[in-house]
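In: sequence unknown, structure follows:
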């Protein structure tokens, strides 16, 4: 089955405005893993032909959309529902893994009717985030450096039936500062993704990464630092006192090559 190609000009209409969940395969001609994954994508397109859409976008011929969504590795599969990204898989993967994500999207879509959704909205107090105690894990990170690993970790934890909070997807309109701090205080596990030099700006009182870490420490969350390659803790004396204890928590080293083992270690540390 041939996969429909989209480009920078048609992406909004074909993907963001689709009335069905959409899987976008970001690929390039020179990418060997992309070619290896192609038969799997074709099988997925055939399997979900009547319920979801599967399209491809050549990143070399259409650089605008990949740049907008921070595509850094190929192949990248991004899932969209109602015009927004809901999941992402980077690198070669299996048909079963892709199917699980699409099945989850279809189940969400079929389980909530428009009437039921409208009735479920609280009238007296519009929440800024989902109701308290609904999440198992909060992921903290700097968007400019760690957005991709944050999404990947979130995706895999969700496959293990864990409820994971990621600000770009789960934060609703309102006072985001209070909402984020409340969410941390009401979520048992706090994963902090540490990229090189990500703590350099934590000396600034208004730095949001510092505030999130400090809130997790203050409220005695189960903190799990995930250290990206080349990350090193700075001299403890250069860190603010309210987050200096971060280096004493058991950490996990991020590994793309041994991702499953790395993820298993994270899960072991969760409460």
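Out: Happy to help now that I have it. If you're wondering where the values come from, they're calculated on a predicted model, not measured in any experiment.
In: the strands in this structure, which residues?
Out: 4-5, 22-27, 53-58, 76-81, 84-90, 137-140, 164-165, 189-194, 222-227, 252-253 (DSSP state E).
In: Please list the residues outside the longest one that contact it.
Out: Applying Cβ atoms under 8 Å, 6 or more residues apart in numbering, the set of residues contacting strand 84-90 from outside is 69, 73, 75-80, 97-98, 101, 105, 148, 151-152, 155, 158, 169. C-beta: built from backbone N, CA, C; applies to glycine.
In: confidence score at the spatially most central residue of the chain?
Out: Residue closest to the average C-alpha location in the chain (Cα atoms, centre = their mean): residue 151, at 2.2 Å. Per-residue pLDDT puts residue 151 at 88.
In: With adjacent residues omitted, what lies nearest to it?
Out: Nearest non-adjacent residue to residue 151, counting by Cβ to Cβ, 6 or more residues apart in numbering: residue 88, 4.5 Å away.
In: Please apply the same query to residue 185.
Out: Of all residues beyond its chain neighbours, the one nearest residue 185 is residue 219 (4.5 Å), with distances taken as Cβ to Cβ, 6+ apart.
In: re earlier: how close does the residue nearest to residue 151 sit to residue 56?
Out: 16 Å (Cβ to Cβ, to the nearest Å).
In: Show the contacting residues for the residue nearest to the centre of the chain.
Out: 87-88, 166.
In: Of those residues - the most surrounded one?
Out: Neighbour counts for the contacts of residue 151 (other Cβ atoms under 10 Å) peak at residue 87, which has 24 neighbours.
In: Now that residue. Nearest residue, chain neighbours left out?
Out: Closest to residue 87 by Cβ to Cβ, 6+ apart is residue 79, at 4.2 Å.
In: what about the one you found, neighbour count?
Out: 21.
In: Please parse this structure into its domains.
Out: 4-117, 122-269 (automatic domain parsing).
In: For burial, what's the neighbour tally of residue 269?
Out: 18.
In: Isn't it up against residue 223?
Out: No - contact criterion Cβ atoms under 8 Å: residue 269 and residue 223 do not qualify, at 9.3 Å.
In: How many residues are close by residue 212?
Out: 22.
In: My error: substitute residue 229 in the last question.
Out: By the measure other Cβ under 10 Å, the count of residues near residue 229 is 10.
In: I'd like the distance between it and residue 196.
Out: Taking Cβ to Cβ, one finds residue 229 at 8 Å from residue 196.
In: Repeat that for residue 88.
Out: In terms of Cβ to Cβ, residue 88 sits 22 Å off from residue 196.
In: what's the answer for residue 231, then?
Out: Residue 231 is 5 Å from residue 196, by Cβ to Cβ.
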